[in-house]
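Colleague: predicted model and sequence follow; I will ask about them next.
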Amino acid sequence: MNAASVGVASQAAQTVGGAAVNYNCVQFWDGSLGGVGNIGDDPLPVDPDGADGMLGTDDDDLHLADVSPI
């Protein structure tokens, strides 16, 4: 999950440069940034920070869990 600042997550932190987002699952999405067909649920990746507990490293498993809302 992206965060606008340490510990502060928002829908704006989930997009880059005002990119158009349509028909996606974007955590914290409330629709105020536009787009159609989006949901604001957690997409539930299997293990986003991997065995080492650090986001953005090689062991991260971003595959969607079977219970993912998408």
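Modeller: Nice, thanks for sending it over.

Colleague: where's S68 relative to D52, distance?
Modeller: S68 sits 23 Å away from D52, going by Cβ to Cβ, to the nearest Å. Any C-beta I mention is one placed from the backbone N, CA and C, and that applies to glycine too.

Colleague: more crowded one of those two?
Modeller: Neighbours of S68 and D52, each counted by other Cβ atoms under 10 Å, are more numerous for S68; the result is 14 against 10.

Colleague: what helix or strand is that one on?
Modeller: Element membership of S68, judged by DSSP states H and E, is empty: it is in no helix or strand.

Colleague: residues touching it, list them.
Modeller: Residues in contact with S68 (Cβ atoms under 8 Å, 6 or more residues apart in numbering) are 25, 43-45.

Colleague: average model confidence for stretch 36-48?
Modeller: With pLDDT averaged residue by residue, stretch 36-48 scores 91.

Colleague: can you list contacts of it?
Modeller: For stretch 36-48, the surrounding residues in contact (Cβ under 8 Å, 6+ apart) are 1, 11, 21-31, 55, 60-65, 67-70.

Colleague: show me the residues you listed that map onto helices.
Modeller: Counting by DSSP state H, none of the members of the contacts of stretch 36-48 fall within helices.

Colleague: narrow those to those in strands?
Modeller: 61-64 (DSSP state E).

Colleague: give me the below-cutoff pLDDT ranges for the protein.
Modeller: Counting by pLDDT under 70, the ranges of the chain that qualify are 1-18.

Colleague: can you do 80?
Modeller: Within the chain, the stretches falling below the threshold (pLDDT under 80) are 1-20.

Colleague: what's the helix or strand for D52?
Modeller: Secondary structure from DSSP H and E places D52 outside every helix and strand.

Colleague: thinking it is in contact with D61, fair?
Modeller: No: using Cβ atoms under 8 Å, D52 makes no contact with D61, being 11.7 Å away.

Colleague: list only buried entries from the contacts of stretch 36-48.
Modeller: Neighbour-count burial (16 or more other Cβ atoms under 10 Å) is assigned, among the contacts of stretch 36-48, to 11, 21, 25-29, 60.

Colleague: JSON lines for the residues you listed, including distance to G35?
Modeller: What follows is those, written out as JSON lines (distance: Cβ to Cβ, whole Å):
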{"residue": "Q11", "distance to G35": "10"}
{"residue": "V21", "distance to G35": "4"}
{"residue": "C25", "distance to G35": "12"}
{"residue": "V26", "distance to G35": "8"}
{"residue": "Q27", "distance to G35": "14"}
{"residue": "F28", "distance to G35": "13"}
{"residue": "W29", "distance to G35": "8"}
{"residue": "D60", "distance to G35": "26"}
